[in-house]
Each structure stands twice: as structure tokens, then as C-alpha cells.
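*Asks:* Quick one, what's the 3D model for this:
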Amino acid sequence: MNIDFSVRLPTDAHSVPLVRGLLRQALDHLAVPQSVVDEITLALTEACANVVDHAADHEAYQVDVSIDDELCRISVLDDGPGFDADSATEPDVSPLGDRGRGLVLMQALVDRLQFVQDDDGRHRVTFEKRLVTQPHLRLLDPR
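*Replies:* Predicted structure coming up:
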């Protein structure tokens, strides 16, 4: 089963729990494992919080979600000034500092993370997460 949706949200902090709830309901409907749901929704929260924090001068931002049986792909688009993702995620970013932790966290939570500026000048963060968990090896009972 596939679920696709796109929402245009006001660039304010109240929009973040709204889109997070929409995503969580879609993933729950598809019976995605709870740990995977939590990782994806946290990554979305970080991406949207970055937009609210850095593109607040703009009226709205957009979230595009595409979920199938194996993969969840999310894009968050905004008209903000953008940033240099490479310098924001360098290893010397202090884990105790005020900036850069969200991007590092997103990298740890998802399977693929990409920052691009579209041809129309909008900034896009896209991330993907596999929904199928890898099977755990079972130890054989030596008896």
C-alpha cells in the first residue's frame, strides 16, 4: 500500500506537531514498527524545526511524504536563506553547543539525507528511511 501526501504549513512552531501527527498516523496505519516510526517522526521534527527557526521570515513551508511497503521518503521545502550543510555537520560541532545537533541527529536516524537548492531557489531537505527492519540473527541452542 502507498500513502502520499503534501501539506503547506505556516512557518511557526505550532505546525511541527501537526505534521508530525499526520506522519505518525500514516505510519501506524501501515503497521510500521514503533521504533522506526519514532526515528522517522523525530527526523521530521528536526527538519521542520530547522525551517521554523531559520526561515521564520517566510510565510509557509511544504512537507511532501511518500510511503510504500519498504521506504518512507520525506522532503521539507522552504524559501529561507539556506545554509551550508557540510559545515553544520562537521565532526567538530560540539554536542553541547546550540547549533548543529539536529542535523547530526537526522543523519543518525535516517538512511539517506540530502540538502539541495531547487532550480526555483527553494531549499529542500530530503530524507529516506527503510521501513523493513533487518532480521536479527538468532543464536542456536547448542543442546
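*Asks:* pLDDT on the helix ranked longest in the chain, on average?
*Replies:* Across the chain, the longest stretch assigned as helix under DSSP state H is helix 34-54. In this model, helix 34-54 has a mean pLDDT of 94.
*Asks:* What segments of this structure are strands?
*Replies:* Taking DSSP state E as the criterion, the chain carries its strands at 3-10, 60-67, 71-78, 112-117, 123-130.
*Asks:* As JSON lines, those strands with distance to Val16, mean neighbour count and mean pLDDT would be great.
*Replies:* C-beta coordinates here come from the backbone N, C-alpha and C atoms, glycine included. Converted to JSON lines, the strands of the chain look like this (distance: least, CB to CB, whole Å; neighbours: other CB atoms under 10 Å; pLDDT from 0 to 100):
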{"stretch": "strand 3-10", "distance to Val16": "8", "mean neighbour count": "13", "mean pLDDT": "96"}
{"stretch": "strand 60-67", "distance to Val16": "10", "mean neighbour count": "20", "mean pLDDT": "97"}
{"stretch": "strand 71-78", "distance to Val16": "11", "mean neighbour count": "21", "mean pLDDT": "96"}
{"stretch": "strand 112-117", "distance to Val16": "18", "mean neighbour count": "14", "mean pLDDT": "93"}
{"stretch": "strand 123-130", "distance to Val16": "14", "mean neighbour count": "19", "mean pLDDT": "96"}
